[in-house]
Every structure is written in structure tokens, then in C-alpha cells.
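Participant: Everything below, folded, please.
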Amino acid sequence: MIKRISSLGHEIACHGYRHEFVFEMGPEGFRQDIAMTKVLLEDLTGQACLDFGPPGFLYGSRTCGH
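Facilitator: Sure thing, here's the model as predicted:
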């Protein structure tokens, strides 16, 4: 499905591999999750994955670790 969506011209963004809240993963868990997901999506689509939308669309101090 990801390949098809990408082939139709849509940008593919990362939502995380395990779909966990960023603030529950910790910084290192977050880095690992995003790195793994980015590689997977780029391999599937042949295009750079440049955007991230956190699960639950939670932005702010808890997401950013402040």
C-alpha cells in the first residue's frame, strides 16, 4: 500500500514503527524507532522520508522532552 500511495505522487511521512508516544520511548528509543522506520519507508518508496507526525499528533513539551 505504501508503494502504491507513493507512486500516486503522495509524500510518505513517518509516524513511527511501533506507534508509541515519543515521550514514553525516551530519546534513544525514539532515535532508534525513527531511524528504522525511515530506512524502511525509503527502501519501499525510493524517496527520502523527511517528515514526522507523532502518534496521537501530540506536539509540545511532553513530546519534545522539555
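Participant: Give me the phi and psi for residue 14.
Facilitator: As for residue 14, its main-chain torsions (degrees, to the nearest 10) stand at phi -90, psi 140.
Participant: That one touches residue 39, doesn't it?
Facilitator: No - Residue 14 is not in contact with residue 39 according to CB atoms under 8 Å; the separation is 10.4 Å. C-beta coordinates here come from the backbone N, C-alpha and C atoms, glycine included.
Participant: higher neighbour count, these two?
Facilitator: residue 14 (20 against 11; other CB atoms under 10 Å).
Participant: Of all the helices and strands in the protein, which has the lowest average confidence?
Facilitator: Lowest mean confidence among the helices and strands of the chain (mean pLDDT, DSSP states H and E): helix 61-64, at a mean of 46.
Participant: Could you check the pLDDT of the spatially closest residue to residue 55 that is not a sequence neighbour?
Facilitator: Nearest non-adjacent residue to residue 55, counting by CB to CB, 6 or more residues apart in numbering: residue 19, 4.9 Å away. Note on residue 19: pLDDT of 80.
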